[in-house]
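K.L.:
Provided below are the primary sequence and the corresponding predicted coordinates.
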Amino acid sequence: MGSRLLAGSVLTVFVVFFVLPVLWLLLAATKTDQQLVHDNPLSFGSWHALSANWHALTAFQDDAILLWLRNSALYAAISLVITLCLAVPAGYALAMTEFRGRHTLLIATLVVMLMPNATLVVPLFLEINAVHLIGTMWSIILPYSFYPFGVYLTYIYFTTAVPKDLLAAARIDGCSEFGVFRHVALPLATPVIALVGFFSFVANWTNYFLPYVMLPESDQMPIQVGVGSLLSNVPSFNPTVGNLAIQRPQLALATLVAITPVLVVFLFAQRFLVSGMLAGATKE
Amino acid sequence: MTLTHSSAGSARGRPRGTSRQSRAGMAFVAGYVLLLIAFGVLPTCYAIYFAFTNAGGAFTGFSNFVTTAQDFRFVDSLGHVALYLLFWLLSLVVFVVVLALLLHKLSSGPLSQALRFLYYIPGALAGAASVLVWLFMLDPTVSPVSSLLETLGFHTFGEVIAPGNLALLFTIIAFWTGAGGWIVVMYGALNNIPKDVMEAARIDGANGWQTAWRVQIPMLRKWIVYMVILAFAGGAQLFVEPQLLSLASTGVAGRDYSLNQLTYDFAFQMNNINGAAAVSVELLVVSVSVAGVFVARSGFFDAD
C-alpha cells in the first residue's frame, strides 16, 4: 500500500511540474500586464484583454507573427516529406538487408548524429553560402531533411520488432525486394513512421539556431526566431526598448501561438505514439 | 536458389545476403546517403579543414585550438556545459525510467494515457518557447510559484538567474521539454516486452521492484543508451537557452555561457571562423568518444 501511495505522489508531483507552466501560460495570455503582476497567477483575465493582446501582437511589424507561422509551416512540412521518403527506407535497409558498406553507414550515421548540430551551423553556413543558397528557404529545409535520428529510430524498430523470417517468407513467395518493403515492412512500420514524422516535425518546428543564422531577415524568420526577437522588445526584460514595446502577456500569447501547431499534430499522432509500438508481427 | 540463406547469419567476414538483396539495400539508402554526405560529412570536413588552417587557407597545425583554449571565456564555458550535462543526464535517466515504469504499472489504461499526454505537452514548447515560459516561471513578480521561490530565498529575477544557478535552471528547462517524449518512447519499449517474459518473472516470484530491476530495465538497455547518447549530443550544443536568457537578463547571464555561444561569437562577432571551427571539432571529438564508450559497452550495433 505504501509503495502505491509513493508511486501516486511521484506521478502527481510530475503532473504539476509539467502542466502548471502550461496552464499559467494559457491564463497569462488573457490578462493585462497589470493583472499579470497583481492578480492570482492562476486566475482568468478577460476575453477583452485576450483580444487586445492579439491585436497588439499582430500589429507588431504588420502581421509579422502570421508571416512567421506561415514560414514555419512551409519549412517544417517540406522537410518532413523529404525526411520520411528517405529515412524510412534507409532504416529498413540497414536493419533488414545486408549490403556493402552497411556497417560503415551505421557508424557514419551515429557519428553524424552525435556531431552537435549547432556546431555544424558555421560550416553549414559556409557550404550553403558556397552554393549561393543563403537567404533562401532551402538553406534550412535541406539540412532539416537530413534526419539521422529518424533513420536510427527506424533501424532499431525493425531490428527489435520485425522478424527477418517474415521478409524471408515473402521472398520465397516471389516478392521483389521493393515488394517486400512496400507490402510487408511498410504496413508494419506505421507506428515508427508516425514516430519519426512526429519527432522530425517537432525538431524542425522548434529549431532555433540554424534559421537564426541562415535567415536573418525578419520576413523569412520561422516563428521560433520571431518569438525570440519579440523578447528583446519586452520592456520588463529589456528596459532599453523604445515605443514599439511588447507587453509580457502578448509575449505569452505569442509563445502559445508558436506551440499550437505542435500540440495539434501531437493530438493527431498520439494514438500511434502511445498505443504501444507494435502489435507483435509473428508472436503467438 | 538460396534465398532462405539470407535470413540465417552465416560465417562472419562474408556478406550474408544475396546480391539481389545487396543491390536493393543500396538503392534504399541512396537518398539518405546523399543527404548524409551533403549535410553530415561535408560540413564536418569543412569544420576540420577550417580548424587547421588560418583565414588565408594556410595550414596552421593546432594554433586555432591553442588560441581558442587560451581565450579567457573558454574554460568557464567548458565547465558550465560539463556541469549542465551531468545534471541533465542524471535527471533524465533516473526520472524517465522511473516514470515510464510507474506508468506502465498503472493497470487502468485511460489514466496512464492521460498522464503520458500531460507529461508530453511541454514537448511542444521546445526551443525558444520553453525558455520564454521559464523566464516567466523564474520571475518572482509573475511566477505562479513565487512563494516557493521566495521560500528558497529568491526575491528578484536577477537573484534566480545568478550564474551559479544556471546549470540547474537549464536542466529544469531541458527536462521539462524533453522528458515527456522519452517517457513515451520508453513506455512503448516496455509494451514491447513479451507478455510471457513478464509472466515468467511473476511465476518465479519476482515482485515489482525485482521485475523492474532484473527484467524490464535490462530490456530497455538499448533505448536508455540511445537516450543518453542523444541527450549528451543535444546537451553539449546548449545554445538557445543561454542566448535568450542573455537577451532577457540585461547582462546577468553573458553571451558566452556555453561553448556554442562561444562558437557563434567567434564566427559571427569576431569574424574568426577558424577559431569557431576549432571549438566545433573539439565538441565533435568529445561527443563521439563518449558515445563510443557507450556503444562499445552496450552492444548497440548487434542487429540480431
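P.N.:
Yep, it's here.
K.L.:
buried ones in the one helix or strand residue A:266 maps to?
P.N.:
Per DSSP states H and E, residue A:266 falls inside helix A:248-274. Neighbour counts over helix A:248-274 (16 or more other C-beta atoms under 10 Å in any protein chain shown) mark A:248-259, A:261-263, A:265-266, A:269-270, A:272-274 as buried. To be clear about C-beta, it is placed using only N, CA and C from the backbone, and glycine gets the same treatment.
K.L.:
average model confidence for the lengthiest helix in chain B?
P.N.:
Across chain B, the longest stretch assigned as helix under DSSP state H is helix B:74-105. What helix B:74-105 shows for mean pLDDT is 93.
K.L.:
Distance from that helix to the middle of the chain?
P.N.:
9 Å (C-alpha atoms, centre = their mean, to the nearest Å).
K.L.:
So which elements touch the following helix or strand past it?
P.N.:
Scanning forward in sequence from helix B:74-105 by DSSP H and E, the next helix or strand is helix B:109-120. Counting contacts by 3 or more C-beta pairs under 8 Å, 6 or more residues apart in numbering or on different chains; DSSP states H and E, helix B:109-120 packs against helix A:2-28, helix A:248-274, helix B:74-105, helix B:166-191.
K.L.:
now helix B:109-120 against helix B:74-105, angle please.
P.N.:
Put simply, helix B:109-120 runs at 170 degrees to helix B:74-105, going by axes from the mean of the first three to the mean of the last three C-alpha atoms, to 10 degrees.
K.L.:
Give me the residues contacting the next helix-or-strand element following helix B:109-120.
P.N.:
Using DSSP H and E, the next helix or strand after helix B:109-120 towards the C-terminus is helix B:128-137. Helix B:128-137 is contacted from outside by A:21-22, A:24-25, A:28, A:206, A:208, A:224-225, A:227-228, A:231, A:237, A:248, A:251-252, A:255, A:258-259, B:122, B:125, B:142-145, B:169, B:172-173, B:176-177, B:240-241, B:244-245, B:248, using C-beta atoms under 8 Å, 6 or more residues apart in numbering or on different chains.
K.L.:
neighbours around the residue lying closest to residue A:177 once chain neighbours are set aside, how many?
P.N.:
Spatial nearest neighbour of residue A:177, excluding adjacent residues (C-beta to C-beta, 6 or more residues apart in numbering or on different chains): residue B:24 at 3.3 Å. Neighbour count of residue B:24, defined by other C-beta atoms under 10 Å in any protein chain shown: 22.
K.L.:
OK, contacts around residue B:24?
P.N.:
A:93, A:97, A:99, A:177, A:178, A:181.
K.L.:
Narrow those to just the buried residues.
P.N.:
Buried among those (16+ other C-beta under 10 Å): A:93, A:97, A:99, A:177, A:181.
K.L.:
Contact partners for the third one?
P.N.:
Contacts for residue A:99 (C-beta under 8 Å, 6+ apart) come out as A:93, B:15, B:17, B:21, B:22, B:23, B:24, B:25, B:26, B:29.
K.L.:
Where is pLDDT lowest across those?
P.N.:
residue B:15 (45).
K.L.:
quick revisit: now, of the contacts of residue A:99, which are buried?
P.N.:
Using 16+ other C-beta under 10 Å, the buried ones in the contacts of residue A:99 are A:93, B:17, B:21, B:22, B:24, B:25, B:26, B:29.
K.L.:
what bits of the stretch 1-150 of chain A have low per-residue confidence?
P.N.:
The model of the stretch 1-150 of chain A has pLDDT under 70 over residues A:1, A:116.
K.L.:
Please tell me how far residue B:208 sits from residue A:15.
P.N.:
Between residue B:208 and residue A:15 the distance is 21 Å, computed by C-beta to C-beta, to the nearest Å.
K.L.:
swap that for residue B:247, sorry
P.N.:
In terms of C-beta to C-beta, residue B:247 sits 31 Å off from residue A:15.
K.L.:
same check, this time on residue B:181
P.N.:
16 Å.
K.L.:
So for the two, which residue has more residues nearby?
P.N.:
Using other C-beta under 10 Å as the criterion, residue B:181 and residue A:15 rank with residue B:181 on top: 22 against 14.
K.L.:
residue contacts, that one?
P.N.:
Listed by C-beta under 8 Å, 6+ apart, the contact partners of residue B:181 are A:199, A:202, B:120, B:123.
K.L.:
could I get those as CSV with distance to residue A:83?
P.N.:
Converted to CSV, the contacts of residue B:181 look like this (distance: C-beta to C-beta, whole Å):
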residue, distance to residue A:83
A:199, 10
A:202, 12
B:120, 21
B:123, 18
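K.L.:
Among those residues, which one is most surrounded by other residues?
P.N.:
residue B:123 (26 neighbours).
K.L.:
my read: it touches residue B:175, true?
P.N.:
No - the pair residue B:123 / residue B:175 is not scored as a contact, 11.2 Å apart, by C-beta atoms under 8 Å.
K.L.:
what kind of secondary structure is the residue nearest the centre of chain A in?
P.N.:
With distances taken as C-alpha atoms, centre = their mean, residue A:202 lies nearest the centre of chain A, 0.7 Å away. Secondary structure assignment for residue A:202 (DSSP: H, G, I helix; E, B strand; the rest coil): helix.
K.L.:
From chain A, how far out is residue B:189?
P.N.:
Residue B:189 sits 7 Å away from chain A, taking C-beta to the nearest C-beta, to the nearest Å as the criterion.
K.L.:
residues touching the closest residue to that residue other than its chain neighbours, list them.
P.N.:
Nearest non-adjacent residue to residue B:189, counting by C-beta to C-beta, 6+ apart: residue B:223, 4.8 Å away. Going by C-beta under 8 Å, 6+ apart, residue B:223 touches A:156, B:185, B:186, B:189.
K.L.:
quick one on the thing from earlier: would you tell me which one of the helices and strands packed on helix B:109-120 is buried the most?
P.N.:
Counting by mean count of other C-beta atoms under 10 Å in any protein chain shown, helix B:166-191 has the highest mean neighbour count of these, with a mean of 22.
K.L.:
per-residue confidence averaged over it?
P.N.:
pLDDT averaged over helix B:166-191 gives 90.
K.L.:
so where do the helices sit in the stretch 1-150 of chain A?
P.N.:
With helices called from DSSP state H, counting those that start in this stretch, the stretch 1-150 of chain A shows them at A:2-28, A:33-38, A:47-59, A:64-96, A:102-114, A:121-130, A:138-145, A:148-161.
K.L.:
Now render those as JSON lines, adding distance to chain B.
P.N.:
Shown next, in JSON lines, are these (distance: least, C-beta to the nearest C-beta, whole Å):
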{"stretch": "helix A:2-28", "distance to chain B": "5"}
{"stretch": "helix A:33-38", "distance to chain B": "5"}
{"stretch": "helix A:47-59", "distance to chain B": "14"}
{"stretch": "helix A:64-96", "distance to chain B": "4"}
{"stretch": "helix A:102-114", "distance to chain B": "4"}
{"stretch": "helix A:121-130", "distance to chain B": "4"}
{"stretch": "helix A:138-145", "distance to chain B": "5"}
{"stretch": "helix A:148-161", "distance to chain B": "5"}
